[in-house]
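Q: just a sequence and a predicted model for now, questions to come.
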Amino acid sequence: MSDAQTAMTTWIGTLAHGGVLRSDLEEAGVTVAAYVVGEERLSELREWMTKQSPEVLAAQRVAAVEICIWMANADRNLDPEEIQLLKEIILRSELDEDTQDELVAAVHEPPSLDGIESRIGHPVLKELLLALSWELAHADGTVAASEEAFLTGLAKRLGISPERSRELHAAVTQRISQMPG
């Protein structure tokens, strides 16, 4: 797993404490996130998170992990790199142990995404999840047509325009290529 991928795994866990950074790795993850969506928009998300209850933030993290699980399974070929990245995301999610166990079990049997667009409560979070999904698609070194189709559908479902989806994809791939592996 590259340094950038490891940093990106902290995005979901950072939701646990309102975007407050607790480690260098989280700082690196937020640096990547700021590069992808911009510092101003990331600040909007942080402000929103500080106003949410722990239960709402946990629900956001579960929905975020579920999107990642679906992305990894979109090509019907779950590679070891994708499994490792998903497990790292789940581990860093700061969800309770039972929920983490359920999500690890769901890695091979993706949960329903019904209502996912309403379960993700902030537009910047939606964009970050789409960006993280692009990174997951690249985790095995190739982006399958089925993965690209899933991402196109996910962007539409989350209310992200095709143009913005392309921008997020370009930002993620450019940032990842700039970071040491």
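A: It's in. Residues are numbered from 1 along each chain as shown.

Q: mind naming the longest helix for this protein?
A: helix 54-73 (DSSP state H).

Q: in this structure, where is pLDDT below threshold?
A: 1-32, 139-140, 175-181 (pLDDT under 70).

Q: could you rerun that using 80?
A: Flagging of the chain using pLDDT under 80 yields the residue ranges 1-36, 75-77, 79, 81-82, 85, 135-142, 172, 174-181.

Q: got the buried residues for stretch 46-56?
A: By 16 or more other CB atoms under 10 Å, the buried positions in stretch 46-56 come out as 46, 48-49, 52. Just so you know, the C-beta spots here come from the backbone N, C-alpha and C atoms, and that holds for glycine as well.

Q: buried residues in the longest helix of the chain?
A: Within helix 54-73, the residues that qualify as buried are 57-58, 60-73, counting by 16+ other CB under 10 Å.

Q: of those, which is the nearest to residue 122?
A: Closest approach to residue 122 among those (CB to CB): residue 60, at 8.0 Å.

Q: pretty sure that closest one sits against residue 121.
A: Yes - distance between residue 60 and residue 121: 6.1 Å, which falls inside the contact criterion (CB atoms under 8 Å).

Q: find residues that contact each of those two.
A: residue 52 (CB atoms under 8 Å, 6 or more residues apart in numbering).

Q: let me know the helix or strand that residue 135 is in.
A: helix 123-138 (DSSP states H and E).

Q: show me where the protein has its helices.
A: 3-8, 10-14, 24-37, 39-50, 54-73, 80-91, 97-105, 116-119, 123-138, 145-157, 162-178.
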